[in-house]
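Engineer: Pasting a predicted model and its sequence here:
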Number of protein chains: 2
Amino acid sequence: MRSESPKSSENTFESVTAFAPATVANVACGFDLLGFALEAPGDEVTARFYEDTITREGAQAMQKTQALQSMKGAPQTDHRTPGVVISSIHNDGGRLPLEPESNTAGKAVLALLEDYFGKLDHESEDQNEKFSWDIELEITKKMPFGSGLGSSAASAVAAVTAVNQLIGTPYTKSELLPFALEGEAVASGAKHADNVAPSLLGGFVMVSSQDPTFHTQVPYPDTLTAVVLYPHIEIKTRDSRNVLPESVSFRDAVLQTEYMAGLITGLTTGDLNLIRRSLHDRLAEPYRASLIPGYTELKNAAIRSGALGCSISGSGPSVFALTEDPGLAEGIGAAMALVMKTKDIPADLYISPINRTGSLCIASTPSPSNP
Amino acid sequence: MRSESPKSSENTFESVTAFAPATVANVACGFDLLGFALEAPGDEVTARFYEDTITREGAQAMQKTQALQSMKGAPQTDHRTPGVVISSIHNDGGRLPLEPESNTAGKAVLALLEDYFGKLDHESEDQNEKFSWDIELEITKKMPFGSGLGSSAASAVAAVTAVNQLIGTPYTKSELLPFALEGEAVASGAKHADNVAPSLLGGFVMVSSQDPTFHTQVPYPDTLTAVVLYPHIEIKTRDSRNVLPESVSFRDAVLQTEYMAGLITGLTTGDLNLIRRSLHDRLAEPYRASLIPGYTELKNAAIRSGALGCSISGSGPSVFALTEDPGLAEGIGAAMALVMKTKDIPADLYISPINRTGSLCIASTPSPSNP
């Protein structure tokens, strides 16, 4: 499934920049189970082999060779470091931690390196030497956080996507999921893949509420387009969890199951009427709607404008609508934006087809030793 | 969508016999929502234009012509009857009612005739004349009732399928669903399509807990095979409803939704592992399992023998298992039968691929006036 190290310098880069998209989780009846990826917005992370102040001046080639030797198992006795350095975070207003263990991107890359060097040198018991070199991350937030659009997942996914290519792509995309989940857990307190999996893999993804790394792609109609409105209000994830009840009526449990069966059947067979009758939520929306001012009006505006359905993205405050007709998306978005305007709530609007690709490397600098 | 009457004698028959298959409803996580059809067992119903004792002796041709004239709108003033006569029921041990209004097959055909003559002559206000001729039904039970295999649905579906062909096929199969549901309601007290729809249409069918006539086919792997064990014990439908709770934990509601999402995705994409991990039930099985002696052992025996999953058929007492490998079906069945044998509970075993066709006409006698 993976190579144990970059096989030659041809596989290595000086730096790699990856993009990972925002995601809509829950998707009405898919509470804790479904998510899909947008084309934009998303986060960017650039990964480099870390060079400290001593080596930064002109010793790049030596340093890279040393790193490669280490990856091939050669001991590097003078190099005891935490593995990841976050050099800068742009556009976060200073709110995100630079400490790798506390940062979703940093923690995700640490998890990747733990696995990577664990496989390379699984008999070493000297924990101080478990990382033979360090990775420097530069994080550029290009999406709001606290929006219900999977911001922490996007940073974690972009980071592991960039690092994976930087070190020669030893992992498949699916194999990166557990590392990104470790990062996600720093922000959300739980390993839950409903944002991470679609951000990484693209498309409509079903995850499990029991097995954090389980995931499966759900086919969907080509023209399906999302309209997402992010009202600039704050909902704490804790609050959005606390409003949920401990139990629900038997009837609501059957209804939620019915909606889910209909949504999956509708998505996979392209039955738009079935999608329309199934984009409802009996478990979370009845309790969370009150956390979003004007939610019912937003939803009504979207449906009146032709949306197949409309519900809360993740734990909010973003609200998404889906349409099979990209030509309707602008109108749906305008109707939703108007509701926010009449309430004097600033809001951002995103219109995007479902992203089929997930995270991807968008720029890279080959290492100087490349031919 | 339909012709208003048989267009010529070429379309008419003296008698038509139809078969409708047994069905497995609920299907683990699909409580109240999913059903599939078996190839066998099932019920047979023969439908004829009714001839009373006066005309039975040698006046068939005249009578048929009269009936046909009536169907074309000619009044038949001396013919005020209830519309349906059940002449005989075979293999029911005298337990099923001959009174059409109380019989699932009789009631279903009455509903069909109400609609048929209502469309033909919607301006007539004389309720005594709403049926211009009568239908005679002969019902042959070829499956156990009270088994959880949709016996009442099969009789109702076979009856409307036979009558529809007898009168020139004015209805599509889907259009017959509301009539069969009327029949089903006589037996179960509710219009619920989870047995009726698959018996009529074949395949895996998703129905609604809210809209009795809504139904949609769910694609499934070609080789999917059912093993059904019917233990000869009695569970009253009322008892099986009464053991269900009024509310369930939020967690169980999410789990049931997860299983349903997985089952539908697995069926439509042919992902057998996904089907296997999804054939579970958090809503009904935990409460109904105790009504079936040896249920846990039956289930374990099926799974050990390679079944993808095993659960209660309808409200029981039948238990079904599914396998993708028809070659495993005999072994699964033998293992399940052995459990019943060790408990001295007589049981019937049925092994069948999923029935793609649903109900069908298996014999017909053209009317004598045909060329």
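Structural biologist: Happy to help now that I have it.

Engineer: can you give me the helices in the stretch 101-250 of chain A?
Structural biologist: Per DSSP state H, counting those that start in this stretch, the stretch 101-250 of chain A carries helices over the ranges A:104-120, A:151-166, A:173-188, A:193-201, A:237-242, A:250-269.

Engineer: quick one: the shortest one to chain centroid distance?
Structural biologist: So the one you mean is helix A:237-242. The chain centroid and the centroid of helix A:237-242 are separated by 20 Å, computed with Cα atoms, centre = their mean, to the nearest Å.

Engineer: One more: the last one?
Structural biologist: Offset of helix A:250-269 from its chain centre (Cα atoms, centre = their mean): 25 Å.

Engineer: where does the stretch 251-371 of chain A come near chain B, residue by residue?
Structural biologist: Taking Cβ under 8 Å from any Cβ of the partner chain as the contact definition, the stretch 251-371 of chain A meets chain B at A:251-258, A:260-262, A:264-265, A:268-269, A:271, A:274, A:277, A:283. (Glycine included, C-beta is placed from N, CA and C.)

Engineer: ok, 6 Å please
Structural biologist: A:253-254, A:256-258, A:260-261, A:264-265, A:268, A:274, A:283 (Cβ under 6 Å from any Cβ of the partner chain).

Engineer: follow-up on the earlier one: any chance of a markdown table for the helices of the stretch 101-250 of chain A, columns mean neighbour count, mean pLDDT and distance to B:S151?
Structural biologist: As requested, these are arranged in a markdown table below (neighbours: other Cβ atoms under 10 Å in any protein chain shown; pLDDT from 0 to 100; distance: least, Cβ to Cβ, whole Å):
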| stretch | mean neighbour count | mean pLDDT | distance to B:S151 |
| --- | --- | --- | --- |
| helix A:104-120 | 23 | 89 | 56 |
| helix A:151-166 | 31 | 97 | 51 |
| helix A:173-188 | 23 | 95 | 47 |
| helix A:193-201 | 32 | 97 | 42 |
| helix A:237-242 | 14 | 82 | 46 |
| helix A:250-269 | 24 | 97 | 24 |
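
Engineer: mind checking which of those is nearest B:Q165?
Structural biologist: For B:Q165, the closest of these is helix A:250-269, at 29.5 Å, according to Cβ to Cβ.

Engineer: That closest one to helix B:250-269, inter-axis angle?
Structural biologist: Helix A:250-269 runs at 30 degrees relative to helix B:250-269, counting by axes from the mean of the first three to the mean of the last three Cα atoms, to 10 degrees.

Engineer: what sits up against helix A:250-269?
Structural biologist: Helix A:250-269 has contacts (Cβ atoms under 6 Å, 6 or more residues apart in numbering or on different chains) with A:29, A:218-220, A:274-275, A:278, A:280, A:282-283, B:32-33, B:206, B:209, B:218, B:245-248, B:253, B:256-257, B:260-261, B:264-265, B:268, B:283.

Engineer: Run the chain-centre distance for the next helix or strand after it.
Structural biologist: Downstream of helix A:250-269, the next assigned helix or strand under DSSP states H and E is helix A:272-278. Centroid separation between helix A:272-278 and its chain, computed with Cα atoms, centre = their mean, is 27 Å.

Engineer: Equivalent analysis for stretch A:112-121, please.
Structural biologist: Worked out by Cα atoms, centre = their mean, stretch A:112-121 lies 23 Å from the chain centre.

Engineer: export it as CSV, just CAs?
Structural biologist: Taking C-alpha atoms only, stretch A:112-121 is exported to CSV below (Å, rounded to 0.1, in the frame of the first residue of the first chain):
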residue,chain,number,x,y,z
LEU,A,112,1.4,11.3,10.1
LEU,A,113,5.1,11.5,11.1
GLU,A,114,4.6,9.2,14.1
ASP,A,115,3.2,6.6,11.7
TYR,A,116,5.8,7.2,9.0
PHE,A,117,8.8,6.9,11.2
GLY,A,118,7.2,4.3,13.3
LYS,A,119,7.0,2.1,10.2
LEU,A,120,10.6,3.0,9.1
ASP,A,121,12.2,2.3,12.4
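
Engineer: Check whether stretch A:225-240 comes into contact with chain B.
Structural biologist: No - Stretch A:225-240 does not reach chain B (Cβ under 6 Å from any Cβ); its nearest approach is 13.8 Å.

Engineer: Pull out the buried residues from that stretch.
Structural biologist: By neighbour count with 16 or more other Cβ atoms under 10 Å in any protein chain shown, stretch A:225-240 contains the buried residues A:225-231, A:233, A:235, A:237, A:240.

Engineer: out of those, which one sits closest to A:V160?
Structural biologist: When those are compared against A:V160 (criterion: Cβ to Cβ), the nearest one is A:T237, at 22.1 Å.

Engineer: Let me see the contact set for that closest one.
Structural biologist: Per Cβ under 6 Å, 6+ apart, neighbours of A:T237: A:S315.

Engineer: From B:R251, how far out is it?
Structural biologist: Computed as Cβ to Cβ, to the nearest Å, the A:T237 to B:R251 distance reads 18 Å.

Engineer: okay, and for chain A, where does confidence drop off?
Structural biologist: Applying pLDDT under 70 to chain A picks out residues A:1-11, A:52-82, A:119-132, A:369-371.

Engineer: Domains in it, by residue range?
Structural biologist: Per the record, chain A has its domains at A:9-218+A:358-366, A:225-353, by automatic domain parsing.

Engineer: Quick one: the ones you listed as TSV, columns for distance to B:A18 too.
Structural biologist: Shown next, in TSV, are those (distance: least, Cβ to Cβ, whole Å):
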stretch	distance to B:A18
domain A:9-218+A:358-366	37
domain A:225-353	28
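
Engineer: Which one of those domains lies nearest to B:V186?
Structural biologist: Closest to B:V186 of the domains of chain A is domain A:225-353 (Cβ to Cβ; 23.6 Å).

Engineer: okay, how far is it across that closest one, tip to tip?
Structural biologist: With Cα to Cα, to the nearest Å as the measure, domain A:225-353 spans 4 Å from end to end.

Engineer: what's the closest of the buried residues of stretch A:225-240 to A:G189?
Structural biologist: A:T237 (8.0 Å).

Engineer: Indicate which one of the helices of the stretch 101-250 of chain A is closest to A:N91.
Structural biologist: If you check each of the helices of the stretch 101-250 of chain A against A:N91 by Cβ to Cβ, helix A:151-166 wins as the nearest, at 11.0 Å.

Engineer: orientation of that closest one relative to helix A:173-188 in degrees?
Structural biologist: Orientation note: helix A:151-166 sits at an angle of 140 degrees relative to helix A:173-188 (the same axes, to 10 degrees).

Engineer: Give me the neighbour count for A:C361.
Structural biologist: Look at A:C361: counted by other Cβ atoms under 10 Å in any protein chain shown, it has 18 neighbours.
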